[in-house]
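**Student:** next comes the sequence, and after it the predicted model I'd like to discuss.
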Amino acid sequence: QVQLVESGGGSVKSGDSLTLSCTVSGYSACTAWFRQAPGKEREALARTSNYGETGYTDAAKGRFTISIDRAKSSVYLQMNSLKPEDTAMYFCAARLSTCRWDHFAASDFSYWGQGTQVTVSS
């Protein structure tokens with residue numbers, strides 16, 4: 001069983017930076033970040049393997065960076081130059097098998113955290 005706990009969300013202003021943390025209990029071969037805004041579908045952002053290989057969607061490229069600290073069993077999402085449209089609930093997700101680099105969707109992940117809210121004001 002894998003348990004994930006997100007932290008680090010909050011209310012910030014446009015242009016600010018924020019780092020989200022995901023503490024992973026149990027084994028995860030691939031850990032990812034998603035977000036979901038009210039009334040919208042869950043959106044994939046970034047994933048990392050246990051060895052630090054990373055992949056990003058267009059929504060995250062250039063402003064977001066995913067990283068893993070295996071010693072701390074944690075995965076981070078560094079977010080820079082935040083915009084009001086980044087306002088969403090951010091979720092951490094895990095899967096027991098290796099990351100798929102040809103496909104990246106919520107359906108690929110079996111374990112989810114409860115989410116942490118990020119609100120960006122203009």
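**Tutor:** Now that the structure is in, tell me what you want to look at.
**Student:** which residues does the residue nearest the centre of the chain bridge with?
**Tutor:** Nearest to the mean C-alpha position of the chain, by Cα atoms, centre = their mean, lies Trp33 at 1.9 Å. Beta-bridge partners recorded for Trp33 (DSSP bridges): Ala46, Cys92.
**Student:** ok, it touching Thr19?
**Tutor:** No. Trp33 is beyond contact range of Thr19, at 11.4 Å (criterion: Cβ atoms under 8 Å). All C-beta spots, glycine's among them, are computed from the backbone N, C-alpha and C.
**Student:** joint contacts of those two?
**Tutor:** Taking Cβ atoms under 8 Å, 6 or more residues apart in numbering as the criterion, Trp33 and Thr19 both touch Leu77.
**Student:** for Thr23, see how far away the residue nearest to the centre of the chain is.
**Tutor:** Trp33 sits 13 Å away from Thr23, going by Cβ to Cβ, to the nearest Å.
**Student:** and the helix or strand where Ser21 lies, what's buried?
**Tutor:** Remark: Ser21 resides in strand 18-25, with elements defined by DSSP states H and E. Within strand 18-25, the residues scored as buried using 16 or more other Cβ atoms under 10 Å are 18, 20-22, 24.
**Student:** over to stretch 86-102?
**Tutor:** Neighbour counts over stretch 86-102 (16+ other Cβ under 10 Å) mark 86-95, 99 as buried.
**Student:** want to throw those residues into CSV with secondary structure?
**Tutor:** Below are the buried residues of stretch 86-102 laid out as CSV (DSSP: H, G, I helix; E, B strand; the rest coil):
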residue, secondary structure
Asp86, helix
Thr87, coil
Ala88, strand
Met89, strand
Tyr90, strand
Phe91, strand
Cys92, strand
Ala93, strand
Ala94, strand
Arg95, strand
Cys99, coil
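**Student:** burial measure for Ser121, as a count.
**Tutor:** 11 (other Cβ atoms under 10 Å).
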